[in-house]
Structures are given as C-alpha cells and as structure tokens.
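K.L.:
coordinates only, no sequence provided:
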C-alpha cells in the first residue's frame, strides 16, 4: 500500500522548522500505519495492547506501547500514555476519568493479576477501537522531532540529518518507518536516554545513515547498527540482548 499520498508528501517536504508543521494522514493511511505499528509492538493481538514487560517499572499500552508510570514512579524513558489520553479526549473520544491519572497498577505482578478485571478490559477496548487515532498521535511526535533533533545536533551535522530525514520521508514506506521508529526508540535527544553516552533514537539513526544508496535500506541498516550498539552498552542486568532479534524483525518491515 502507498502509505504517504503525493499531496501529503509534497506538503510535508515543504515544511520548515515552524511549529505549525503538520503531517496529514487520511483514514486509510492512518489505519495502515496503525496496523503495522500494532503488529510490530503487539503481534497484532488485542491482549498485547496492555503489556508490562519483565524487568520494567511501567505499563506499555496501545499500538505504540506508550509508557504509563504508576503513581510516584518515574524513569529515564519519556511517559507517553497520558499524552495519548489527552489527545484521544481532544478527538471527542470518551476516556474514563481513571485513565487520566497515574497508572493504577503499582507493579507488574499486580498488573498481570488484573488481566481480565473490568478496568483492564475497558482499557483494551479503548485501545482496540482507536488504532487510527493512535497512529495520528504517533505522527504528532514525528512532527515535532525534526526541530528537536536539529537543535540537539552540532551545526556541521545538521544538513546531513535534515537531508537523510527527507530522503526517507520521500519513500513509499518512509513515513511509516519514521513514525514507527521515533515512537519505538524516541528522538534521541534526551540526555537520560543514553548508555555510555550513546543514544539510540531517530537522531542517531539519521546520523549513522549512508548518504547514498536506497534510503530505506540505509535507514534500516543504520537502525540495526544503533540498536546493536545500545545492547552492547546496556547494563548487563537488563539482558537487552534478548530483545535484539525482535527489534531486527521490526526494522526489516521498513523496507517491505
């Protein structure tokens, strides 16, 4: 499927760093990108929409596994589920009041024990029926990513980042790849998202890309390199090597 229409692409490529920049996804595009991200994060299952990974201190929810911390908890990763809730409410979707607060499950064990409880079923139903809206929410992060990345990049590298961004965006699957990766591993600008001083976000991938050749192939190869480096630099107790095969399977979808 041609995910990004020619008119949408033309509009997107004309964007400056102004805050009014927008990415328009029509209904078919939003659903297609949403389904791809859902498959990447949750194997396309409804149960996977409400997850809490072993060894983590937060729930991972929705097609993008948006992070939700319990009350009083925080971490190095950006919390995104509360922002999704605000976005959905702004789209006229009824969101229960309890979802507008901190995650009510304090630990992974409590979360898993409540798998079939009414609140969890209600949460899954909301996430199951808002796939296109979640894709559009994910696209909002990409809208804001390029200015953030350029601001965090050394002046001599900014044109390379910008050029690689647009090279990828111009491909039929490019918008999907950019939206998916930035929601998967972030922009790469947060100083807390580093191991041994090295980040693993979209910025690092764009900096690692080859300036020539097929843009999506180059993007996928760079993403593999960046994530492999992350695993090598990660704390041993996190055992991040177990995730690398799945991450590589995800990256492979950017070229097909």
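P.N.:
Sure thing, it's come through. Owing to the predicted nature of the structure, the values given are computational and were not obtained by experimental measurement.
K.L.:
which stretches of the stretch 101-250 of the chain form helices?
P.N.:
Ranges of helices within the stretch 101-250 of the chain are 108-113, 118-128, 131-151, 158-169, 174-185, 202-208, 215-233, 244-252, based on DSSP state H, counting those that start in this stretch.
K.L.:
packing partners of the longest one?
P.N.:
Packing contacts for helix 131-151, counted by 3 or more C-beta pairs under 8 Å, 6 or more residues apart in numbering; DSSP states H and E, involve helix 27-42, helix 81-90, helix 158-169, helix 174-185, helix 202-208. For every residue, glycine as well, the C-beta is placed using N, CA and C.
K.L.:
so what's the model's average confidence on it?
P.N.:
Helix 131-151 carries an average pLDDT of 94.
K.L.:
could you number the chain from 59 rather than 1 from now on?
P.N.:
From this message on, residue numbering opens at 59, which makes the last subject helix 189-209.
K.L.:
quick one: buried residues of that helix?
P.N.:
Within helix 189-209, the residues scored as buried using 16 or more other C-beta atoms under 10 Å are 189-201, 203-208.
K.L.:
ok, back up a step: can you list the helices of the stretch 159-308 of the chain in TSV and add distance to residue 84?
P.N.:
Output for the helices of the stretch 159-308 of the chain, formatted as TSV (distance: least, C-beta to C-beta, whole Å):
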stretch	distance to residue 84
helix 166-171	36
helix 176-186	21
helix 189-209	10
helix 216-227	17
helix 232-243	12
helix 260-266	24
helix 273-291	22
helix 302-310	24
